[in-house]
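K.L.:
sequence plus the predicted model coming up.
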Amino acid sequence: MERPTFIAIKSGEEFNQWYWSKAEMEDICKQSGLPYSGSKFELRDRIMHALDHNGEVLPRERSKKTTSNFDWSKTALSIYTIITDNVSFGPNFRNFMKSKIGKKFTCHSDFMEWIKNNSGKTLGDAIAKWAELEERKKDPAFKRSIAAHNMSGISCLKIPESS
């Protein structure tokens with residue numbers, strides 16, 4: 001099935017079913033009058049919220065100060081490495097995960113959200129969780145869950161005219 005154009009999408013849930021590059025989401029935000037800075041996941045959540053809440057801008061959460069100074073970009077990682085509140089999903093992290101899981105490893109949003117919410121657990125725990133999250137894909141009824149605040153409303157987002 002081919003991804004619809006953004007103009008055809010009517011809800012955050014529908015938007016979240018498709019892959020969008022960060023650059024595409026930045027463009028959607030710019031053309032829709034939404035703030036366009038932030039991480040890919042912040043942009044996704046902002047667009048989904050606007051689609052579901054009549055174009056309303058998602059209030060920004062105050063960023064939490066990290067307490068760890070662990071260097072995720074340079075430190076050698078192991079299955080015993082403790083996940084810290086400043087975890088980074090850069091090349092060092094991804095290469096480690098690929099070395100343990102294989103080429104099929106992808107750093108999808110469900111996995112990254114789990115990591116961010118599980119400081120204190122180990123990368124060994126993360127590997128097990130990744131496998132568990134991947135196992136769900138085998139169920140034909142599986143659909144990614146979407147936060148309740150992104151599930152309702154009618155689309156009123158300013159949608160740019162198509163040329």
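P.N.:
On my side now, so go ahead.

K.L.:
now the helices: where do they sit in this structure?
P.N.:
12-16, 22-32, 40-52, 91-101, 109-116, 123-135 (DSSP state H).

K.L.:
just the angle for the second one relative to helix 40-52, thanks.
P.N.:
Regarding helix 22-32 and helix 40-52, their directions subtend 40 degrees when assessed with axes from the mean of the first three to the mean of the last three C-alpha atoms, to 10 degrees.

K.L.:
may I have helix 22-32 as CSV, with CA atoms only?
P.N.:
C-alpha atoms of helix 22-32 as CSV (Å, rounded to 0.1, in the frame of the first residue of the first chain):
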residue,chain,number,x,y,z
LYS,A,22,12.7,14.2,9.7
ALA,A,23,13.0,16.7,6.8
GLU,A,24,9.5,15.8,5.6
MET,A,25,8.1,16.4,9.1
GLU,A,26,10.0,19.7,9.3
ASP,A,27,8.4,20.8,6.0
ILE,A,28,4.9,19.8,7.2
CYS,A,29,5.4,21.8,10.4
LYS,A,30,6.7,24.9,8.5
GLN,A,31,3.8,24.7,6.0
SER,A,32,1.3,24.2,8.8
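
K.L.:
go through it and flag the buried ones.
P.N.:
25-26, 28-29, 32 (16 or more other C-beta atoms under 10 Å). To be clear about C-beta, it is placed using only N, CA and C from the backbone, and glycine gets the same treatment.
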